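Engineer: generate a structure from the sequence data that follows.
(2 chains)
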Amino acid sequence: MKTEKLISDDIQENIEESSYQENDGNASIETENSEVEKLKKEVEKQKEFFLRTAAEYENFRKRTEREKISIYNDVKASTILELLPIADSIERAILNLGNASDEYKKGIEMINEQLKSSFKKLNVESFGKEGETFNPDIHNAISHVEDTELDDNVIVEVFQKGYKCNEKIIRYAMVKVAN
Amino acid sequence: MSKTIGIDLGTTNSCVAVIEGGEPVVISNAEGARTTPSVVAFSKTGERMVGQVAKRQAITNPDRTVTSIKREMGTNYKVSIDDKKYSPQEVSAMILQKLKSDAEAYLGTTVSEAVITVPAYFTDAQRQATKDAGKIAGLEVKRIINEPTAAALSYGIDKENDQKVMVYDLGGGTFDVSIIEMGDGVQEVLATAGNNRLGGDDFDQRIIDWMASSFKAETGVDLKNDKMAMQRLKEAAEKAKIELSGVTSTAINLPFITADATGPKHLDLNLTRAKFNELTSDLVESTMGPVRQALSDSGLSINDIDKVLMVGGSSRIPAVQEAVKKLIGKEPFKGINPDECVAIGAAIQAGVLGGEVEGLLLLDVTPLSLGVETMGGIMTKIIERNTTIPTKKSQVFSTAADGQTQVEINVLQGEREFARDNKQLGLFKLDGIAPAPRGIPQIEVTFDIDANGIVNVYAKDLGTGKEQKITITSSTNMSKDDIDKAVKEAEQFAAEDKKRREEVDTKNEAENLCYAVEKLLSENSDKISSEDKDKLTAEVSSLKEIINSNNVESMKSGIESLQKAMYEVSAKLYQQSAPQGEAANASGSDQQNDGNVYDADYKDVDDKK
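Structural biologist: Coordinates of the predicted model:
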């Protein structure tokens, strides 16, 4: 019996001890859990931040690539745009040659041909003709006229030719539109 | 991962911006322009057009084109197009939708949130209408902010002390002046005034009228009935106005503007800034009334205004800036594109709300270059200034003397060419290098800067694998003034440093050459004639003397003459060895490696005086 009691005491003690340990364990597990939660949240936050930045970088990279390709055409277009008033003026000069000598007229016309062939080499084309249907994607209407003899939305006069290069509009054709 | 965009929904033009990498960026539309006309139109077939394309067809289709819808926001006004009626919110939503899709195309992601700006005088109903427009366009409007507040945000004024700011906004077709109070958490509109029918177009018209009347006085021809001529005048007027913001006089050149019985006529005029100011002085003056009005409404005196911000394209006109400066007595703030600063401010607000501005500002840059000292006291930069951190970079160096067993790594910060003119951050030694001829050992130096600006410098002997490192924590704690001073000094001494650098480079080159020749002599003493030996030895000792003189020009000619002599001798050596075949070639390969392979060599620690 004595032995038995001793044993049971021991057991009791053991039980008590282990239950204390459990209590201690619960407390430290709780703090650990909250620490884990905190760290999990922190990791989530950092992951989110990283993904955002990585995505932004990826989009930036793609866009920069696109921009690099388009930059050549953009620069070309803006350079040609600055030269277009000269092309316009030469054409106006040809219309106004009046009673100049034939040789002189020919000279001016040759200058115009020179310019046209340079534009052609650069892939620059002019557009916009009377009688075409007005299209705001390529034409800029600055004047309007009502005329029952004319069709709807038809270009009656081209004030300034449009120019494009590889389908990119350099300058919209400036036109007068009927009805 | 959706982004919040900032939108300046204007009366004549709109603009959209976003925070990217911590910085505001204005988004170009699909047509490549940074602002989009606030114009909506429907074609006869019912197709919707927004922006530049709608503007280009406006005159042919006035009944189906809507402009300046912003003026109707918050009213019960309805736009009737064909059988349909549209509220101002719905029309504004069409503009917002275009801006949204342009932003999406740019960012490569969907956009569902926005900050939109409105004039400071907008009523609650007008603000609500703007918010509704956003909702119709598929945008959750995180906040509506005042245009002057957005302008102030673009200039970073919210980060400064509490202050009173006047925002002068002269746009394409409207003029607004606001006085706001801004500072630590405070954002209050104290007063607003303006004229909603005044803008850049009025300035253009004055130039057009002047050109037409000057032309009439000169030629007797009235251009006003010639549509095409008037269009050319209009374009020329806008161009001249813009040019006069930068130069004091501009030539207006319109050949063949018209023709009469006597032949073609040209318009050839010169417009000075003084004349332009005279033509538009009443327009400028008419903006001063609202400025005074706003001041008196706010109950402030001129002296209470801390800053003046200029917004809107026409605020670039020098006479406008002068008038504001004269009235307020302060130089107006410029610098941010006045057409874009409202959208930029909206984007900054959007970034703050999305937690982006804060998050990304962590990315810092190295304020000054970092490097090590190499032969001749030269600062060899490894990480250039303004590199975004964290970053890591390595470079391989070698020894400067035969049998050198240790190198000294002098870690430097600064922009000057020479080690002694830069700041020393740390110094350490790497020893235990296996003795070898100079230029043979490979020592890799690595700079590793973490996100907190802490610099780790490693030196590794690639031959033995032996490594040493130093950690420097103080590289970034320099004041802005110190940094500016360092950069300025580098610019100031650039020419002088360059000259000194050339001296050292030449000296290094000369020393390397002497070394190579001496080695050639000792390794091939049995193959070189005594005559050649004497010649080379004499050349070497004379070059060594020149080196001590520090004269760059004579060093250069000394190098040239020694090189020539050396090439002659080595040519003879090859002629001798060629008949002996492959074995000789193999043994000779060693010598070919003796050249100066590395662009920078460490000076010998033991040689230090």
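Engineer: pLDDT weak spots in the chain?
Structural biologist: As the question left the chain open, I've gone with chain A. Counting by pLDDT under 70, chain A shows low-confidence ranges at A:1-25.
Engineer: other chain: chain B
Structural biologist: Applying pLDDT under 70 to chain B flags residues B:1, B:184-186, B:355-365, B:474-478, B:578-609.
Engineer: what residues does it put near chain A?
Structural biologist: With Cβ under 8 Å from any Cβ of the partner chain as the criterion, chain B comes near chain A at residues B:1, B:20-21, B:32, B:44, B:49, B:53-54, B:56-60, B:106-109, B:227-228, B:231, B:255-256, B:259, B:263-264, B:359-360. (Glycine included, C-beta is placed from N, CA and C.)
Engineer: what's the helix or strand in which residue B:310 is found in contact with?
Structural biologist: Secondary-structure element containing residue B:310, defined by DSSP states H and E: strand B:307-311. Strand B:307-311 has contacts (Cβ atoms under 8 Å, 6 or more residues apart in numbering or on different chains) with B:147-148, B:151-152, B:155, B:157, B:163-171, B:316, B:320-321, B:324-325, B:328, B:330, B:332-334, B:338, B:341-342.
Engineer: around chain B, which positions in chain A sit nearby?
Structural biologist: Those residues of chain A that sit near chain B, judged by Cβ under 8 Å from any Cβ, are A:49, A:51-53, A:55-56, A:59-60, A:62-63, A:74, A:89, A:92-93, A:95-96, A:98, A:134, A:136-137, A:139-144, A:152-153, A:157, A:159-160, A:172, A:174, A:176-177.
Engineer: go through those residues and flag which are in strands.
Structural biologist: Secondary structure of the residues of chain A next to chain B is defined by DSSP state E; positions in strands are A:139-144, A:157, A:159-160, A:174, A:176-177.
Engineer: which parts of the stretch 151-300 of chain B are strands?
Structural biologist: Assigned strands in the stretch 151-300 of chain B, in chain order: B:163-170, B:175-183, B:186-195, B:249-260, B:263-272 (criterion: DSSP state E, counting those that start in this stretch).
Engineer: would you turn the ones in strands among the residues of chain A next to chain B into JSON lines with neighbour count?
Structural biologist: As requested, these are exported to JSON lines (neighbours: other Cβ atoms under 10 Å in any protein chain shown):
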{"residue": "A:139", "neighbour count": "24"}
{"residue": "A:140", "neighbour count": "24"}
{"residue": "A:141", "neighbour count": "22"}
{"residue": "A:142", "neighbour count": "20"}
{"residue": "A:143", "neighbour count": "17"}
{"residue": "A:144", "neighbour count": "16"}
{"residue": "A:157", "neighbour count": "14"}
{"residue": "A:159", "neighbour count": "18"}
{"residue": "A:160", "neighbour count": "21"}
{"residue": "A:174", "neighbour count": "22"}
{"residue": "A:176", "neighbour count": "21"}
{"residue": "A:177", "neighbour count": "24"}
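Engineer: biggest separation within those, which pair?
Structural biologist: The most widely separated members of these are A:144 and A:160, with 16.3 Å between them, by Cβ to Cβ.
Engineer: ok and the residue in the stretch 51-200 of chain B nearest chain A?
Structural biologist: Residue nearest to chain A within the stretch 51-200 of chain B (Cβ to the nearest Cβ): residue B:57, separated by 3.7 Å.
Engineer: can you pull the contacts of the nearest residue to that residue once chain neighbours are set aside?
Structural biologist: Once flanking residues are discounted, residue B:57 sits nearest to residue A:136: 3.7 Å by Cβ to Cβ, 6 or more residues apart in numbering or on different chains. With contacts taken as Cβ under 8 Å, 6+ apart, residue A:136 has the following neighbours: B:49, B:53-54, B:56-57.
Engineer: now these in CSV, with secondary structure and neighbour count?
Structural biologist: As requested, those are arranged in CSV below (DSSP: H, G, I helix; E, B strand; the rest coil; neighbours: other Cβ atoms under 10 Å in any protein chain shown):
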residue, secondary structure, neighbour count
B:49, strand, 23
B:53, helix, 21
B:54, helix, 27
B:56, helix, 26
B:57, helix, 24
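Engineer: residue B:433 touches residue B:408, doesn't it?
Structural biologist: No: Residue B:433 is beyond contact range of residue B:408, at 11.7 Å (criterion: Cβ atoms under 8 Å).
Engineer: which residues does residue 93 contact?
Structural biologist: No chain specified, so I'll use chain A. Applying Cβ under 8 Å, 6+ apart, the residues contacting residue A:93 are A:108, B:255-256, B:264.
Engineer: oops, I was thinking of chain B
Structural biologist: For residue B:93, the contacting residues are B:133-137, by Cβ under 8 Å, 6+ apart.
Engineer: isn't residue B:533 up against residue B:527?
Structural biologist: No: between residue B:533 and residue B:527 there is no contact under Cβ under 8 Å: 10.3 Å.
Engineer: shared neighbours, those two?
Structural biologist: Taking Cβ under 8 Å, 6+ apart as the contact rule, residue B:533 and residue B:527 touch no residue in common.
Engineer: and the helices in chain A?
Structural biologist: Listed in chain order, the helices found in chain A under DSSP state H are A:2-95, A:102-121.
Engineer: my read: residue B:49 touches residue B:42, true?
Structural biologist: Yes: taking Cβ under 8 Å as the contact criterion, residue B:49 and residue B:42 are neighbours in contact, 7.3 Å apart.
Engineer: what residue lies at the spatial centre of chain A?
Structural biologist: Residue closest to the mean C-alpha point of chain A, counted by Cα atoms, centre = their mean, is residue A:63 at 7.4 Å.
Engineer: in this structure it contacts residue B:106, no?
Structural biologist: Yes: under the contact definition of Cβ under 8 Å, residue A:63 touches residue B:106, with a separation of 6.9 Å.
Engineer: for the nearest residue to residue B:461 once chain neighbours are set aside, which residues are in contact?
Structural biologist: If you skip the residues right next to it in sequence, residue B:461 has residue B:433 as its closest partner in space, 5.2 Å away by Cβ to Cβ, 6+ apart. Taking Cβ under 8 Å, 6+ apart as the definition of contact, the neighbours of residue B:433 are B:399, B:404-407, B:441, B:443, B:461, B:463-464, B:466.
Engineer: please apply the same query to residue B:24.
Structural biologist: With contacts taken as Cβ under 8 Å, 6+ apart, residue B:24 has the following neighbours: B:6, B:17-18, B:154, B:344, B:347-348, B:351.
Engineer: and with 6 Å instead?
Structural biologist: By Cβ atoms under 6 Å, 6 or more residues apart in numbering or on different chains, residue B:24 lies in contact with B:17, B:344, B:347-348.
Engineer: so who does the closest residue to residue A:76 other than its chain neighbours touch?
Structural biologist: Nearest-residue entry for residue A:76: residue A:165, 6.3 Å, with adjacent residues in sequence omitted and distances by Cβ to Cβ, 6+ apart. Contacts here follow Cβ under 6 Å, 6+ apart; on that basis residue A:165 touches A:77, A:123-124.
Engineer: got it, and residue B:319?
Structural biologist: Shown in contact with residue B:319 (Cβ under 6 Å, 6+ apart): B:277, B:284.
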